[in-house]
Every structure is written in C-alpha cells, then in structure tokens.
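Visitor: coords below, sequence missing:
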C-alpha cells in the first residue's frame, strides 16, 4: 500500500508489517554503510598529513555514501542511486590511484566487485570496462608492460568471474520468484503475485496507461465438488484458467485469488474496455464445456484502479461488484459506475 507521506515513503515501506523492503534497497544501503567506515579513517589521516587532494576525494565519497543512504531510505529510489554510486565510487577509486600512485591499485578489486551487487551484470561490466581503460591510461607510464598486463589480466578475471556469478544468481533468483508466485494447480499467478503486482502499480510514480481489476468467481462451484468430486472441481479450475488465457490479451495478468476465485489485471484498459473484456469472458465460459453435463458460469466484478486509491481499496471495490453480480442472479458482470 502506498504511503500518503511523500517524504517518508521509504520509511513507511520499511516499517509496514505487511510488506518487505526491496532487497535491492537494503543491499545498496548496506554497501554504502560499509563503505563509510572503510574510507573515513583514510580521509582523516590524509587531512592530518596534509594530503588535501586525496582527503577531498575520500571525504567526498563519504558524503556521497551518506547522502545515498538518506535518499534511498526516504524515497526508495534505488535504481538511479545504484548507478550514481557505482559511477562515483569508480571515479573516486581512479582519482585515488591517480593521486597516490600504483600502491593503491588494490582498491580497484573491491570497487569493481561491488558494482555487480547493485547493478545488472551487463551494466556493471560496461562501467568496469571503462574504468579499466582509464586505469591503464593512468598507469601506463608508471609500470613495466609485464606488470601492467598482470594487473589488467587479474582485474579482467575478477570481472569475468563476478559477471558469471551475478548472471547465474540472477537467473536462479528469477526462476525461484516465478515458481513461488505460480498457483500449483492452474499455473496462473497466485495471491502473492497479485499482491505484488497491485503494490507495484500503486507505487509506480511515472505516468502510465489506466488499468482495471477484474474479480471473478465460479457460480455454485460447491455443487461441482459435492456432485462430481474434488478431482472434477480441479479440472474445471484448470480448464477455466486455460480459457481465460485464450480470451485475454497478452498484456493482461491472470491470478488465482483463492479457491474458485480469480483476478485479472487488465493493463492499459479503462472501464469500457475492461467491461467488454469481462463480458466476452463471461460469454465464453457460459458457452464452453468445462464439465460434461454440468453447465458452468461465472460472475465478474470490474473495478477501476485509480492511482489515488490503494490495492486494498481496489480489491474491496471489485469484491463488492462481484457480490452484486451474484446477488443479481449470477452469470453476470457488474462494472464500477454503472
């Protein structure tokens, strides 16, 4: 649910018991938090010894990391912050090597590995590759060719291994999230996936096309289980999910809300378009044979996902309209505002 306090949005996501802070935000803030005590003592030491240029670089990094922690905590805007931190951190590392010489080249390794924790592997590799080229330009006159090649090769291997690890971890994480958010019976999204999609829509700050939420329920489904058994009921749910896939658009997302109840997020559809979609789906179910010798129908409630509202409000409105469709005789569609 989106916080109404704009300046405290990040803090609300952290404290809200029903939701978890995004892992990317935590990793970024942790990286910055660990960087501060790692750099600050060197900045102080260099001020004491009068190395003002190096001290300025170190203290600028400390201030930048502190600012990022505060900004991400307050706003949750971690993507742009991750890119900015990586570029600034890389620039600081190169400036330190330029000012202090080859003896500080070992800072290159943790700096470049850190990029893979906060950025996409391909973007981290691109930034690090540019950093290596600049580093070579700095060191080319300070080292023998063989020593310079040794540094470049070891940095290249570190980036290669980090890229492979980050890429494979990303694939495994994506597969895990997909499995966790799939309904085991119908292979559509489950309640967890629905909650996440609705929350993402509510939190999206950029303007985007209007959308609607459809909540549908099988009419008299208890009779199916009582008369034909739960195995037959499961087949009906599976066939209904397959039918919904055929009669919705590729941009729509289907979820099993619970039991015989399903939800559809009609992306880019206003109330009129969503009403047409719902009516077409209702008619398709009514004319299909989901269970031999037992007609199956559905009732649907269609709610508008107003950005001024909340996921809980959209679900409540769709559920209210679904209840009205059932009270009105079932095998019907009720649309918000009609």
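Guide: Thanks, I have the structure now. This one's a predicted model, so the numbers in the text were calculated from it and none came from an experiment.
Visitor: those strands in the stretch 201-338 of the chain, which residues are they?
Guide: Applying DSSP state E, counting those that start in this stretch to the stretch 201-338 of the chain gives strands spanning 212-218, 253-258, 261-266, 298-304, 333-335.
Visitor: how about these, which one is nearest residue 274?
Guide: Closest to residue 274 of these, according to CB to CB: strand 212-218, at 3.6 Å. The C-beta positions use only the backbone N, C-alpha and C, and glycine is treated the same way.
Visitor: Against which helices or strands is that closest one packed?
Guide: Strand 212-218 sits against helix 230-246, strand 261-266, helix 271-287, strand 298-304, helix 311-327, with contacts defined as 3 or more CB pairs under 8 Å, 6 or more residues apart in numbering; DSSP states H and E.
Visitor: Nearest to residue 199, out of those?
Guide: Of the helices and strands packed on strand 212-218, the one closest to residue 199 (CB to CB) turns out to be helix 311-327, at 5.9 Å.
Visitor: list the helices and strands the closest one packs on?
Guide: Applying 3+ CB pairs under 8 Å, 6+ apart, one finds that helix 311-327 contacts helix 191-203, strand 212-218, strand 298-304, strand 333-335.
Visitor: Residue 158 and residue 111 touch, don't they?
Guide: No - with contact defined as CB atoms under 8 Å, residue 158 does not count as touching residue 111 (10.5 Å).
Visitor: Looking at the two, which one has more neighbours?
Guide: residue 111 (20 against 16; other CB atoms under 10 Å).
Visitor: And residue 169, what's its pLDDT?
Guide: Looking at residue 169, its pLDDT is 89.
Visitor: Settle this for me: residue 236 is touching residue 224, isn't it.
Guide: Yes - the criterion here is CB under 8 Å, and residue 236 meets it with residue 224 at 5.9 Å.
Visitor: what's the overlap in contacts for those two?
Guide: Taking CB atoms under 8 Å, 6 or more residues apart in numbering as the criterion, residue 236 and residue 224 both touch 218, 291, 296.
Visitor: Just give me the neighbour total for the residue lying closest to the first one once chain neighbours are set aside.
Guide: By that I understand residue 218. Of all residues not flanking residue 218 in the chain, residue 260 sits nearest, at 4.1 Å (CB to CB, 6 or more residues apart in numbering). By other CB under 10 Å, the residues close to residue 260 number 20.
Visitor: how near is residue 260 to residue 191?
Guide: 14 Å (CB to CB, to the nearest Å).
Visitor: Repeat that for residue 103.
Guide: Remark: distance between residue 103 and residue 191 (CB to CB) = 57 Å.
Visitor: tell me the angle the longest helix seen in the chain makes with helix 191-203.
Guide: When the chain is parsed with DSSP state H, its longest helix is helix 145-180. Angle of helix 145-180 versus helix 191-203, following axes from the mean of the first three to the mean of the last three CA atoms, to 10 degrees, is 110 degrees.
Visitor: Distance from the chain centre to helix 145-180, please.
Guide: Taking CA atoms, centre = their mean, to the nearest Å, one finds helix 145-180 lying 22 Å from the centre of the chain it belongs to.
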